[in-house]
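Novice: Fold the following.
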Amino acid sequence: MRILKCKGLIILLGILLIVLVTTSCRAPSIGLQDSVEPQSLKRPVQTKEKGKELLTEEELQSTGKDRKIIKEANLNLERNDLAEAYEEVQELVKKYNGYIIDSHQWQNNNQKKYYRYTLRIPQQNFDSAIAGLKDLGKLKDERFTGRDVTREYIDLKARLSNFKAQEERYLELLDQAKDVEDILKIEKELNRVRTEIEQLEGQLKYYDNRVDLATINVQIVQPSPIIGSNWQIINSFKDAVRGFVKSINLIIILIGALLPWLLFLFLILMVGYFIFKVKRK
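Specialist: So this is what the prediction gives:
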């Protein structure tokens, strides 16, 4: 019995030692905070000595790592024939190893057609895909944006490394633990650490996907038709007919609204006329 208690004391001392080492270490670390409080994902990891901020721009450049840039482009094109636009966009996307994530076609009140596509293209093929899309019609407008997420990416990887180191230490303690209470405490902390690892890995995968595949929004519109003088006369005549019909409809509605009052007034006049004739007799 004394041996079991001694072993339990040794394990608790081991957990305390981990907390002291991780909080006093100068390398990037994440403490247990009394062995139960989880660290928020929004909290930045320290990458230098205590009291310093996150990586500076010079430190990011000195890492020698590739910049993580999320690229996005918006193109507005004009084209007479839209029938083959979708097939041509599909061929271009296939050529550059991308895919279409959204497609929308609509027509406004003036019978003007619009096609809109959202494409994901590997970043190395971004410029070539843009050039190919511009050949599909007359370029009316273009816009390019880029978001540098290098700092966030490096910070996430540092935090992930720290949590994985904690996971290994807890696994070692779990192998040595004999007391049920100690095992439950270690498993609780292990589950917390693994949850943090899963969330960080999910964020890194999201950044990898957005960086590796650029987003291109393409809108292709049919130019407004040029109307000749004959068509203008016909359209003017049609507008006049529509106006006449609307006027007739308005008059009918007005008569319908006044008719009950006219009937009521007519009855009053008839009664008055009848009374007048009776009095005269």
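
Novice: What is the longest helix of the protein by residue count?
Specialist: The single longest helix within the chain, with elements called by DSSP state H, is helix 229-280.

Novice: That one - what's its average pLDDT?
Specialist: For helix 229-280, the mean pLDDT works out to 79.

Novice: to the chain's geometric centre, what's the distance from that helix?
Specialist: Helix 229-280 has its average C-alpha position 57 Å from the chain's average C-alpha position, going by Cα atoms, centre = their mean, to the nearest Å.

Novice: now swap in stretch 150-163 and tell me
Specialist: A distance of 23 Å separates the C-alpha centroid of stretch 150-163 from that of its chain, computed with Cα atoms, centre = their mean.

Novice: Stretch 68-87 too?
Specialist: Here the centre of mass of C-alpha atoms in stretch 68-87, compared against the chain's by Cα atoms, centre = their mean, lies 19 Å away.

Novice: what does stretch 165-180 give?
Specialist: Counting by Cα atoms, centre = their mean, stretch 165-180 is centred 40 Å from the centre of its parent chain.

Novice: For it, buried residues please.
Specialist: By 16 or more other Cβ atoms under 10 Å, the buried positions in stretch 165-180 come out as 165-167, 169-170, 173, 177. Bear in mind the C-beta positions are built from the backbone N, C-alpha and C, glycine included.

Novice: all strands of this structure, in order?
Specialist: Listed in chain order, the strands of the chain (DSSP state E) span residues 69-78, 99-107, 113-122, 138-148, 213-221.

Novice: burial count for residue 201?
Specialist: For residue 201, the neighbour count with other Cβ atoms under 10 Å is 14.

Novice: Could you measure from it over to residue 174?
Specialist: In this view, residue 201 and residue 174 are 22 Å apart by Cβ to Cβ, to the nearest Å.

Novice: Could you do residue 239 as well?
Specialist: When distance is defined by Cβ to Cβ, residue 239 is 83 Å away from residue 174.

Novice: do residue 196 as well
Specialist: According to Cβ to Cβ, residue 196 stands 17 Å off from residue 174.

Novice: Without its sequence neighbours, what residue ends up closest to residue 203?
Specialist: Excluding its sequence neighbours, the residue lying closest to residue 203 (Cβ to Cβ, 6 or more residues apart in numbering) is residue 156, at 5.6 Å.

Novice: give the contact list for that neighbour.
Specialist: Remark: with contacts taken as Cβ atoms under 8 Å, 6 or more residues apart in numbering, residue 156 is in contact with 200, 203-204, 207.

Novice: For it, give its distance to residue 207.
Specialist: Using Cβ to Cβ, which is the criterion applied here, residue 156 is 8 Å from residue 207.

Novice: Thank you kindly, that will do.
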